[in-house]
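A.B. asks: Return a 3D structure for these sequence lines:
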Amino acid sequence: MLPVVALAAEKTASTYDELTNAISTANDGDTIKLLADIDLSQTITVNKTITLNMNGKKLYNTSDLWEKPTDDNWSLISVRGSGNLTITGNGTFAAKVNYAVDVQGGATVTIKNGTFIGNVHAVYVLTGTANVEGGTYSVQQKYPDPAKADEFVLNCYDAHHKDGTARINVT
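C.D. replies: Below you'll find the predicted structure:
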């Protein structure tokens, strides 16, 4: 008998619906490659181990995503629970009035490259880990206290950072 080997698949997406379908039907280890810029109407949630190949494309929002449909939706992409998302492909995340990427529930995101534009935070970790290996990060809206205006581009929730459940590793 020969061992069974599962090969990772590559899925593609050109629209919001195709992207959410590709993520929901992906198996751990699959890659999703963007074929077009996508205007997100809701936060995209990732709770499995996948790679998002931005392929030089852009994820952005023209309508507010904040608290839509629930109050824990703050970002273009939210990695949650057992999620482990790798972002590559030199794309752009441009959040109108939200964060570009957030991490919740002990999940992990690894950012290899790309451009991440948020408001107050570009990458926010409530609980979990963000591994930042490359990329460019900026915010459109500064924190209101001028002394802290640029302190929150990459940010962890304070209490969870102090207890060790929220981490950002930059290499």
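A.B. asks: Excluding sequence neighbours, find me the nearest residue to Lys96.
C.D. replies: Asn61 (4.9 Å; C-beta to C-beta, 6 or more residues apart in numbering). C-beta coordinates here come from the backbone N, C-alpha and C atoms, glycine included.
A.B. asks: Looks like Val46 contacts Leu85 (just checking).
C.D. replies: Yes - Val46 lies in contact with Leu85 (C-beta atoms under 8 Å); the separation is 4.7 Å.
A.B. asks: between the two, what contacts are shared?
C.D. replies: Counting by C-beta atoms under 8 Å, 6 or more residues apart in numbering, the contacts common to Val46 and Leu85 are Leu52, Ile77, Val79, Ala107.
A.B. asks: Sort out for me which of those residues are in helices.
C.D. replies: With DSSP state H as the criterion, helices contain none of those.
A.B. asks: Among the residues you listed, which ones are in strands?
C.D. replies: Residues of the shared contacts of Val46 and Leu85 located in strands (DSSP state E): Leu52, Ile77, Val79, Ala107.
A.B. asks: Mind listing the residues bridging to the second one?
C.D. replies: With DSSP bridges as the criterion, Ile77 is bridged to Ile44, Val101.
A.B. asks: if we can go back for a sec, starting from Val132, give me the distance back to the residue nearest to Lys96.
C.D. replies: Distance, Asn61 to Val132, using C-beta to C-beta, to the nearest Å: 22 Å.
A.B. asks: Those two: which is more packed in?
C.D. replies: Legend: neighbour count by other C-beta atoms under 10 Å for Asn61 and Val132, higher for Asn61 (23 against 18).
A.B. asks: Among the shared contacts of Val46 and Leu85, which one lies nearest to Tyr143?
C.D. replies: Comparing those against Tyr143 with C-beta to C-beta places Ile77 closest, at 21.9 Å.
A.B. asks: who's in contact with that closest one?
C.D. replies: Neighbours of Ile77 in contact, by C-beta under 8 Å, 6+ apart: Thr43, Ile44, Val46, Leu52, Leu59, Leu85, Ile87, Phe93, Ala100, Val101, Asp102, Val109.
A.B. asks: Tell me the one of those residues nearest Lys142?
C.D. replies: Closest approach between the contacts of Ile77 and Lys142, by C-beta to C-beta: Ala100, at 15.6 Å.
A.B. asks: Just to check, that closest one is in contact with Ile117?
C.D. replies: Yes - Ala100 lies in contact with Ile117 (C-beta under 8 Å); the separation is 6.2 Å.
A.B. asks: Give me the common contacts of these two.
C.D. replies: Joint contacts of Ala100 and Ile117 (C-beta under 8 Å, 6+ apart) are Phe93, Ala94.
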